[in-house]
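Chemist: take this sequence and fold it.
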Amino acid sequence: MFLSRDDIIRVLGTLIEDLRSDFIETQRDEYIMLRREIYNNYYKVSPFSINNAPQTIAFVDGGFKPYQLDVSIIIPLQIGAYIRVNDDRRLKTVKEVLDIPVTDNLLLYSSRRRRGSKYVFKIRIKSFQKTGLLFDKDNPDDEVSNKINTFLLEFSGLSESRSPKFFVKLTKYIEGLLELAYTIKLLMKTEEESLLDQPLSYAVLDGTLIKWFSIKTQKKLKGIDGLDILSAILNTEPEKIKKYLYRVVGLAKTTKFTNIIRGQILFLSKTSSMKHSRGAYTMVNTEALNAICDKLNNFLDKYPATDFVLETLHLLNRIVYNLHNIYVARFPITTDYNNIFMIDIHLDKPIIWMNKKNKVEVNISQARNVNPYLSYIVNTLYYHRTSVPGEPPYGYMEVDGLVRLSESIRSLFENTLISVLRRYDDLTSRILIQVFSPTTRMRYGYR
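Modeler: As a prediction, the model looks like this:
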């Protein structure tokens with residue numbers, strides 16, 4: 001069958017009209033209108049003001065490639081950082097600063113086994129190097145794996161029906177915590193050894209700080225949360241980790257479609273006088289907090305909308321480590337009024353939340369503390385930029401190239417894995433060879 005360009009344009013034109021009208025219609029929904037109003041009133045928009053002295057900042061990212069079977073997942077993982085030193089536009093690697101390998105090269109393995117009608121989860125973290133930032137002779141990878149597996153035994157009570165999906169998410173969660181642990185260790189190490197003329201002010205992690213685990217899920221852990229797993233990875237007490245968490249910033253270049261729309265509407269409605277600035281960012285509109293609180297509580301009195309209001313509050317800030325009372329607050333930012341980024345910061349208490357009686361409360365004092373810190377972060381972070389769409393801060397995109405697993409590395413990993421499996425020369429190994437062989441990724445009959 002041959003499709004002409006005119007046929008494609010005609011059909012897509014019709015569907016695009018449906019998409020546009022459906023989107024416009026949803027924006028008129030009373031619930032959606034309330035959420036948009038809360039979002040727009042909660043944030044105060046300010047133009048960039050690059051008047052802070054440049055700071056020493058680290059940019060951290062991880063590159064990975066998951067290989068997923070029904071009962072196990074293998075993820076080769078490469079985590080690294082660039083350090084943007086003061087006013088020097090040259091980016092330094094951790095090898096230049098700490099004299100350790102440029103990246104930590106790890107293998108994350110997870111598996112699930114049936115125990116009666118339930119599943120038991122197990123992970124193993126292995127380092128390809130004898131020494132790195134996260135693991136060395138003083139903090140061996142096997143020891144860390146055993147500590148985490150002790151925690152994961154708590155998950156054995158989960159229902160069988162949820163286990164396969166949960167298994168994948170759990171593995172991704174551990175992978176995300178490894179990146180966060182690397183970020184914290186970098187802050188700790190550079191501070192302890194004083195190898196920089198100017199200490200690291202903060203570190204920027206590529207992605208959101210709001211991790212996958214919901215609080216409802218974390219409560220199943222019976223006495224631990226994600227911060228305890230971070231503590232196991234870092235071999236450091238949770239209370240010590242906390243003070244470094246507040247110096248970790250998340251910067252996400254990809255976010256949900258609805259967040260992009262909300263950010264676009266927010267900036268377009270409030271930045272008419274800022275068009276000549278090099279971008280705008282958001283802080284908390286402290287003057288509107290009480291009115292927002294009253295508006296949401298009145299809505300709750302009128303409608304059975306507890307879940308909806310809670311989801312709305314989670315757009316603004318939410319708890320991420322429930323037992324250690326660590327929250328994350330989110331703030332949209334734009335440098336060109338087209339591309340929307342999200343900045344995340346950790347907090348020791350929320351700005352706006354729902355109490356146990358399902359009533360919304362606010363902490364204006366916390367918001368007033370957050371605003372100057374956020375302004376400091378934004379205006380030092382964007383002191384230098386990269387000339388690509390969206391103008392991200394210099395160092396943010398560059399570290400992606402440092403840690404990305406190239407095709408040659410992937411090929412080397414797969415070929416070596418198959419080579420090791422061949423040594424066993426049994427049925428199980430032959431099956432696994434077929435699973436991991438690149439040829440099985442082609443459809444039969446196609447080359």
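
Chemist: all helices for the stretch 301-447 of the chain, in order.
Modeler: Secondary structure of the stretch 301-447 of the chain (DSSP state H, counting those that start in this stretch): helices at 306-316, 364-381, 398-403, 407-422, 427-436.

Chemist: could you look up the next helix or strand downstream of the worst-scoring helix or strand of the chain on mean pLDDT?
Modeler: Within the chain, judged by mean pLDDT, DSSP states H and E, the helix or strand with the poorest mean is helix 215-218; its value is a mean of 59. Next in sequence after helix 215-218, counting helices and strands by DSSP states H and E, comes helix 226-234.

Chemist: sketch out the low-pLDDT regions of the stretch 301-447 of the chain for me.
Modeler: Residues of the stretch 301-447 of the chain meeting the criterion pLDDT under 70: 438-447.

Chemist: picking up where we left off before, and the helices of the stretch 301-447 of the chain: which comes nearest residue 237?
Modeler: helix 364-381 (24.4 Å; C-beta to C-beta). For every residue, glycine as well, the C-beta is placed using N, CA and C.

Chemist: what's that closest one in contact with?
Modeler: 46, 48-55, 57, 201-202, 204, 249, 251, 281, 283-284, 286, 289-290, 329, 331, 333, 343, 345, 347, 349-351, 393 (C-beta atoms under 8 Å, 6 or more residues apart in numbering).

Chemist: how many neighbours does residue 344 have?
Modeler: The local packing of residue 344 (other C-beta atoms under 10 Å) involves 20 other residues.

Chemist: quick one: residue 289 and residue 362 touch, right?
Modeler: Yes - taking contacts as C-beta atoms under 8 Å, residue 289 lies within contact range of residue 362: 4.4 Å.

Chemist: and residue 229, what's its pLDDT?
Modeler: For residue 229, the model assigns a pLDDT of 91.

Chemist: how much space separates it from residue 169?
Modeler: Remark: distance between residue 229 and residue 169 (C-beta to C-beta, to the nearest Å) = 14 Å.

Chemist: the more surrounded of those two?
Modeler: Ranked by neighbour count (other C-beta under 10 Å), residue 229 and residue 169 place residue 229 first, with 25 against 13.

Chemist: got the contact list for the more buried one?
Modeler: Going by C-beta under 8 Å, 6+ apart, residue 229 touches 148, 151, 174, 177.

Chemist: okay, and the common contacts of residue 289 and residue 362?
Modeler: With C-beta under 8 Å, 6+ apart as the test, residue 289 and residue 362 both reach 351-352.

Chemist: for residue 123, grab the count of nearby residues.
Modeler: 20.

Chemist: do the one 3 residues further on as well
Modeler: Taking other C-beta under 10 Å as the neighbour definition, residue 126 ends up with a count of 13.

Chemist: that one touches residue 104, doesn't it?
Modeler: No - between residue 126 and residue 104 there is no contact under C-beta under 8 Å: 11.5 Å.

Chemist: and residue 262, what does it touch?
Modeler: 36, 39, 315, 332.

Chemist: so the third one is in contact with residue 43, correct?
Modeler: Yep, that's residue 315 we're talking about. No - assessed by C-beta under 8 Å, residue 315 is found out of contact with residue 43, at 10.5 Å.

Chemist: neighbour count: those two, which is higher?
Modeler: residue 43 (23 against 16).

Chemist: can you map out the strands along the stretch 1-150 of the chain?
Modeler: With DSSP state E, counting those that start in this stretch, the ranges of strands along the stretch 1-150 of the chain come out as 43-47, 57-64, 67-68, 72-84, 91-93, 103-115, 118-127.

Chemist: which of those strands sits most buried?
Modeler: With neighbours taken as mean count of other C-beta atoms under 10 Å, the strands of the stretch 1-150 of the chain reach their highest mean count in strand 57-64, at a mean of 25.

Chemist: mind listing residues that contact that one?
Modeler: 75-84, 91, 108, 175, 178-179, 182-183, 186-187, 190, 200-206, 380-381, 393, 395-396, 398-400, 402-405.

Chemist: could you list the paired strands of that strand along with their orientation?
Modeler: Paired strands of strand 57-64, with direction, are strand 72-84 (antiparallel), strand 202-206 (parallel) (DSSP bridges).

Chemist: dump the ones you listed to JSON lines, plus distance to residue 338 and mean pLDDT.
Modeler: Shown next, in JSON lines, are the strands paired with strand 57-64 (distance: least, C-beta to C-beta, whole Å; pLDDT from 0 to 100):
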{"stretch": "strand 72-84", "distance to residue 338": "25", "mean pLDDT": "94"}
{"stretch": "strand 202-206", "distance to residue 338": "20", "mean pLDDT": "96"}
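
Chemist: output the longest helix belonging to the chain.
Modeler: In the chain, assigned by DSSP state H, the helix with the most residues is helix 163-193.

Chemist: what comes up buried for that helix?
Modeler: Neighbour-count burial for helix 163-193 flags 163, 166-167, 170-190 (criterion: 16 or more other C-beta atoms under 10 Å).

Chemist: same thing with stretch 230-248?
Modeler: For stretch 230-248, by 16+ other C-beta under 10 Å, it's 230-234, 236, 238, 241-242, 244-245, 247-248.

Chemist: check stretch 45-56 too.
Modeler: 45-46, 48, 54-56.

Chemist: can I get the strands of the stretch 1-150 of the chain in CSV including distance to residue 135?
Modeler: What follows is the strands of the stretch 1-150 of the chain, written out as CSV (distance: least, C-beta to C-beta, whole Å):
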stretch, distance to residue 135
strand 43-47, 41
strand 57-64, 15
strand 67-68, 21
strand 72-84, 11
strand 91-93, 18
strand 103-115, 7
strand 118-127, 5
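
Chemist: of all those strands, which lies closest to residue 225?
Modeler: It is, among these and with distance given as C-beta to C-beta, strand 118-127, at 16.4 Å.

Chemist: which strands border the closest one, and is each parallel or antiparallel?
Modeler: strand 103-115 (antiparallel).

Chemist: residues in contact with the partner strand?
Modeler: 64, 71-80, 119-129, 132-135, 141, 156, 163-164, 167, 170-171, 174-175, 178, 182, 402-403.

Chemist: quick one: low-confidence residue ranges for the stretch 51-200 of the chain.
Modeler: 51, 154-163.

Chemist: which SS class is the residue at minimal distance from the centre of the chain?
Modeler: By C-alpha atoms, centre = their mean, the chain has its centre lying nearest to residue 208, at 2.9 Å. Recorded secondary structure, residue 208: coil (DSSP: H, G, I helix; E, B strand; the rest coil).

Chemist: thought it was touching residue 248?
Modeler: No - using C-beta under 8 Å, residue 208 makes no contact with residue 248, being 11.6 Å away.

Chemist: re the thing from before, CSV for the contacts of residue 262, including distance to residue 95?
Modeler: Output for the contacts of residue 262, formatted as CSV (distance: C-beta to C-beta, whole Å):
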residue, distance to residue 95
36, 48
39, 43
315, 40
332, 35
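
Chemist: by neighbours, which of those residues wins?
Modeler: Result: residue 332 is most packed of these (other C-beta under 10 Å), 22 neighbours.
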